[in-house]
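# Fold the following.
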Amino acid sequence: MRRIHRTRRDWAADLALFLFAACFAAVSSQSIPIPEDLDPLWRDADQVAGGLGCAAVLLRRRWPVPLAVTLLLAGTQAHYLTGPAMVAVFTVAATRPWRVTAWVAALAFAPLPVFLWQMAELPESRADSALTYFALIAGAIGWGLFRRSRQQLIASLRERAELAEADAELRAEWVRRETREEIAREMHDVLGHRLSLLSVHAGALEFNPGAPGEEIARAAGVIRESAHLALRDLREVIGVLRAGPEEGERPQPELADLARLVEEARATGGRIELTGPPEGSAPPPVVGRTAYRIVQEALTNARKHAPGAAVAVEVTGGPAGGLAVEVRNAPPPGPAPVSGAGGNGNGGGGAGQGLIGLAERARLAGGELTAGPAGGGFRVHAALPWPATDIASVAGQG
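Got it, this is the predicted structure:
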């Protein structure tokens, strides 16, 4: 037998409906048209049946449909079962499928056509009583249907709220992942450039320990300066991570900072030729920062994977036409095959990750990046958007 677990609220509702059925039977007993010649024993049995019907209301959760059918059929003979029958059909309409409710409703209203056919021949009191009975049954079914629709609406809203909460958690996780990736790209871009300068000069000192003191001092100065700048950049990135959103972001490089970047690379002995950017150019901050990071990463990879190779950096374009960034390194002087500016060879750990990061940066800025071998060296080319709306700002700066 299926066990029904009832909460305190369920018990309160069942007791309230039991009291409703009992009070309805007691109140309506004076208005029920009972034949005067009815046997007293049958009258007593009728009242006992009404009491049992009220008590049977407590079984409405376990057997709602059998209870409703029994009370409706018994109500055709007994006179005190209207209250319990109303509770039973209400329960069926509120908790059972539409088809079951329709069958119970059909059973409840099956006598209605016969009653309407004979209504003109019935006494007025009995006709009024019958009409009231059918109206009450119809009201109970309607109220049950309304309650079920309301429960379904609440369940739907609860499900939507749970889905929205789950979606919010997924979005939050996506934001956290994007933030971690952005932090990883920033750390890679900022520290990779500085550490590659350290590596070049430290390798030079190791390779040529007998170099003149002036060259050793100059290399040591570059190492010290690069280490200082690397620590400063690291502090700035960590400071941004610790600071709240209201404290602002770390100052980001712009396209105009390319000249300083190239000068730093030349100070380490790199042979770098810079063409552009166009005079007075001021692309959107995201585009300028992306172009800077692409050149920075390409120069870092060229130092790591094609040391000593000449590198050409070319930045061209303007508003409406877009910004083109190209970094190309010549074949390295050594015999070992290397990948150069792209960083896809075997010249160091994490090969290829730089290109993935650059491609993602270009995509986020609305552009695209291509990279691959070219003429024995390596070529990195990025096409970035530069909206035509920036023409006025460029003209104002010229």
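
# Measure how buried residue 184 is and give me the count.
12 (other C-beta atoms under 10 Å). For glycine as for every other residue, the C-beta is placed from the backbone atoms N, C-alpha and C.

# For it, pull up the helix or strand it's in.
helix 124-207 (DSSP states H and E).

# what inclination does the next helix or strand after that helix have with respect to helix 124-207?
Sequence order places helix 213-242 as the next helix or strand after helix 124-207, per DSSP H and E. Relative orientation of helix 213-242 versus helix 124-207 (axes from the mean of the first three to the mean of the last three C-alpha atoms, to 10 degrees): 170 degrees.

# so how far is helix 213-242 off the chain centroid?
41 Å (C-alpha atoms, centre = their mean, to the nearest Å).

# ok, now stretch 315-325?
Per C-alpha atoms, centre = their mean, the centroid offset for stretch 315-325 relative to its chain is 36 Å.

# And stretch 360-369, by the same measure?
Distance, centroid of stretch 360-369 to centroid of chain: 24 Å (C-alpha atoms, centre = their mean).

# would you put the C-alpha positions of it in PDB?
Output of stretch 360-369 as PDB, limited to C-alpha atoms (Å, rounded to 0.1, in the frame of the first residue of the first chain):
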ATOM      1  CA  GLU A 360      42.800  35.100 -29.200                       C
ATOM      2  CA  ARG A 361      43.700  38.700 -28.600                       C
ATOM      3  CA  ALA A 362      43.200  39.500 -32.300                       C
ATOM      4  CA  ARG A 363      39.900  37.700 -32.300                       C
ATOM      5  CA  LEU A 364      38.600  39.600 -29.200                       C
ATOM      6  CA  ALA A 365      39.600  42.900 -30.900                       C
ATOM      7  CA  GLY A 366      37.500  41.900 -34.000                       C
ATOM      8  CA  GLY A 367      40.500  41.000 -36.200                       C
ATOM      9  CA  GLU A 368      42.400  38.000 -37.200                       C
ATOM     10  CA  LEU A 369      46.000  36.800 -37.100                       C
END
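
# can you list contacts of that stretch?
181, 185, 286-287, 290, 293-294, 322-323, 355, 358-359, 380-385 (C-beta atoms under 8 Å, 6 or more residues apart in numbering).

# Buried residues, that stretch. List them.
By neighbour count on 16 or more other C-beta atoms under 10 Å, the buried set for stretch 360-369 is 361, 362, 365, 366, 367, 369.

# Nearest to residue 77, out of those: which one, please.
Set against residue 77, the nearest of these by C-beta to C-beta is residue 366 (82.0 Å).

# from the buried residues of stretch 360-369, which has minimum pLDDT?
pLDDT is lowest at residue 361 among the buried residues of stretch 360-369; the value there is 81.

# Quick check: which element contains it?
Here residue 361 is assigned to helix 353-364, by DSSP H and E.

# residues contacting residue 370?
When contacts are counted by C-beta under 8 Å, 6+ apart, residue 370 touches 380, 381, 382.

# one more time with 6 Å
residue 381 (C-beta atoms under 6 Å, 6 or more residues apart in numbering).

# How about residue 90?
Residue 90 neighbours (C-beta under 6 Å, 6+ apart): 140, 144.

# Per-residue confidence, it, what does it come out as?
At residue 90, pLDDT is 90.

# That one in helix, strand or coil?
helix (DSSP: H, G, I helix; E, B strand; the rest coil).

# ok, it to residue 104 distance?
Distance, residue 90 to residue 104, using C-beta to C-beta, to the nearest Å: 11 Å.

# What of residue 21?
Shown here: residue 21 relative to residue 104, a distance of 17 Å by C-beta to C-beta.

# So between those two, which is more surrounded?
residue 21 (27 against 23).

# What strand or helix carries the more buried one?
helix 8-28.

# Sort out which residues of the very next helix or strand once past that helix are buried, please.
Elements were assigned by DSSP H and E; along the chain past helix 8-28, the next helix or strand is helix 40-56. Going by neighbour count (16+ other C-beta under 10 Å), the buried part of helix 40-56 is 46, 49, 50, 53, 54, 56.

# List the single closest residue to the third one in space, sequence neighbours excluded.
What sits nearest to residue 50 in space, not counting adjacent residues and going by C-beta to C-beta, 6 or more residues apart in numbering, is residue 80, at 2.6 Å.

# where in the stretch 201-350 of the chain is pLDDT low?
For the stretch 201-350 of the chain, the stretches flagged by pLDDT under 70 are 201, 204, 236-251, 280-281, 333-350.

# sorry, back to before: I'd assumed residue 25 was in contact with the residue nearest to residue 50.
Yes - using C-beta atoms under 6 Å, residue 80 is in contact with residue 25, at 4.6 Å.

# And those two? Which one has more around it.
residue 80 (25 against 21).

# Look at that one and tell me its secondary structure.
Under three-state DSSP, residue 80 comes out as coil.

# Against residue 325, how distant is it?
Residue 80 is 92 Å from residue 325, by C-beta to C-beta.

# list residues touching both of residue 90 and residue 104?
If you check residue 90 and residue 104 against C-beta under 6 Å, 6+ apart, no residue is contacted by both.

# Can I have the buried ones of the contacts of stretch 360-369 as a PyMOL selection?
Per 16+ other C-beta under 10 Å, the buried members of the contacts of stretch 360-369 correspond to this PyMOL selection:
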select buried, resi 185+287+290+293+294+322+323+355+358+359+380+381+382+383+384+385
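
# Out of the contacts of stretch 360-369, which sit inside strands?
The members of these that map onto strands under DSSP state E are 322, 323, 380, 381, 382, 383, 384.
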